[in-house]
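# pasting the sequence and the predicted model now:
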Amino acid sequence: MKIARVFPTFQTDFKYTEHYLAKELKKEGHQTIFVTSDRYLSSWKKYLKSVNPAGVYSYEDYIVYRLKSFFPGEKAIFKEISKCYNLIFKNSVDVIHILGIGTFTTALVLFLSKFKHGSNARILISDHTDVRTHTREGLFANIYYKVLRLLFNLLGGKVYKIITFSNGSVEVLSKRFGIPKNRFSVIPLGYDQDKFYLKRNNSKSNKFTIGFAGKIDPKKRIDFLLNCVNELPFAHDVHIIIAGITSDSYSQKIRSISKKSIFSSELVPFFETEQLADFYNSIDLAVYPGGISITTIEASACGTPVIIFKSIEGLEERVSFGRGLLFESEDELKNAISHYYQLWKNSEIDNKRISEITKEFYSWSNIKNKYLEFYG
């Protein structure tokens, strides 16, 4: 089977859902190509080593076709429309799997599907939109989404299934684009079980070690985490590691808070994927005080309990079966950290159980089968 993944923007340095799915599909004998723009999200550029122009790029598990495009980021529109058409509809593709309902890239592909001339490729859309990303919108955003809603209603009739990662996302997307809920299916985000697994030793760390790894920006609220920990009665017994520090003003703020705090700390640059598993296996608790990502699952896969800010609906599954806690207020965060501090002191954190449960529900070796059911 040949699958064409179509993305407005796509980066290859850091691995997410689309990379892991392509890797697992290759193990089954399927081929994945990515058709994307030559643009990159501005929020990612400072972390990326590979910012490639238009062209063809081969990787271990997939091939990337970068097309010349207009406009930045997720609003990118392909200039090379005929090349896009040929790659998707004249390239023996069995499945066209697009990212995002509300993009002009999606509208273009759905429009081109009207002229697909013999291609019987099944069309699916994945959308990772959640409540957090659409709670504060201005006039421009509302007009923008009204236009995209109109385009989808005109062109989206042939979409076989829309896949999202939570029931909360179904609610948001159904309301935003006027799409019946029965057109959606929920498949959770997963992790690469070949890289993220329990490999920690049994020795107890000298201090209760709290970690965070990811993009460092104000939405992640790392300053909030540091200030909360500093007010805990056992702050002197805490060591915090923040991975993802850059030279920007927000990282400078994090440095300033850390220097004045009671707890000890390490502020380090962004980790490569290969380094993350060792990081998660070295800490006692992972805390996500703001926006979340797949890293919450990767931490759990390594047996590390997680504390997650309840920024969207449906996060209960990320902490189920004793794998972590959710919080909304400052007091709830302090209580959650205190809870795991006491478990750590008593050597009662069951890292093996956390890892085993996460593997059962979130490993890509299992999740890829749900995609194959829709691919046909």
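Nice, thanks for sending it over.
# residue ranges of the helices in the chain, please?
Along the chain, counting by DSSP state H, helices occupy 17-27, 42-45, 81-89, 104-112, 139-155, 167-177, 222-230, 249-259, 273-282, 295-301, 316-319, 330-345, 351-362, 364-375.
# so how far is the first one from its chain's centroid?
In other words, helix 17-27. 15 Å (Cα atoms, centre = their mean, to the nearest Å).
# now that helix: average pLDDT?
Taken as a whole, helix 17-27 has an average pLDDT of 93.
# ranking the helices of the chain by burial, who's on top?
helix 295-301 (a mean of 26; mean count of other Cβ atoms under 10 Å). For glycine as for every other residue, the C-beta is placed from the backbone atoms N, C-alpha and C.
# for that one, name the packing helices and strands.
helix 273-282, strand 285-288, strand 306-309, helix 316-319, helix 351-362 (3 or more Cβ pairs under 8 Å, 6 or more residues apart in numbering; DSSP states H and E).
# CA atoms of that helix as CSV?
Extracted C-alpha coordinates of helix 295-301, given in CSV (Å, rounded to 0.1, in the frame of the first residue of the first chain):
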residue,chain,number,x,y,z
THR,A,295,6.1,14.0,25.3
THR,A,296,3.6,13.3,28.1
ILE,A,297,3.1,9.8,26.6
GLU,A,298,6.8,9.3,26.0
ALA,A,299,7.6,10.1,29.6
SER,A,300,5.0,7.6,30.8
ALA,A,301,6.4,5.0,28.5
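# if we can go back for a sec, out of the helices and strands packed on helix 295-301, flag the one nearest residue 181.
helix 316-319 (18.6 Å; Cβ to Cβ).
# where among the helices of the chain is the average confidence lowest?
helix 42-45 (a mean of 76).
# one step back: mind putting the helices of the chain into TSV with distance to residue 239?
Listed next are the helices of the chain as TSV, based on distance: least, Cβ to Cβ, whole Å:
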stretch	distance to residue 239
helix 17-27	31
helix 42-45	29
helix 81-89	50
helix 104-112	44
helix 139-155	41
helix 167-177	34
helix 222-230	10
helix 249-259	11
helix 273-282	11
helix 295-301	17
helix 316-319	23
helix 330-345	12
helix 351-362	18
helix 364-375	32
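# out of these, which gets nearest to residue 69?
The nearest among the helices of the chain, by Cβ to Cβ, is helix 104-112 at 8.7 Å.
# export the closest one as CSV, just CAs?
C-alpha atoms of helix 104-112 as CSV (Å, rounded to 0.1, in the frame of the first residue of the first chain):
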residue,chain,number,x,y,z
PHE,A,104,-5.9,25.9,2.3
THR,A,105,-3.7,22.9,1.5
THR,A,106,-6.6,20.6,2.4
ALA,A,107,-9.0,22.7,0.3
LEU,A,108,-6.6,22.4,-2.7
VAL,A,109,-6.3,18.6,-2.4
LEU,A,110,-10.0,18.2,-2.1
PHE,A,111,-10.6,20.4,-5.1
LEU,A,112,-8.0,18.5,-7.2
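# going forward can the numbers begin at 3, since that is how I track them
Done: numbering now begins at 3, and the last item shifts to helix 106-114.
# and the angle for it with helix 83-91?
Put simply, helix 106-114 runs at 70 degrees to helix 83-91, going by axes from the mean of the first three to the mean of the last three Cα atoms, to 10 degrees.
# picking up where we left off before, tabulate the helices and strands packed on helix 297-303 (TSV), appending distance to residue 296.
Formatted as TSV, the helices and strands packed on helix 297-303 follow (distance: least, Cβ to Cβ, whole Å):
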stretch	distance to residue 296
helix 275-284	10
strand 287-290	11
strand 308-311	12
helix 318-321	10
helix 353-364	9
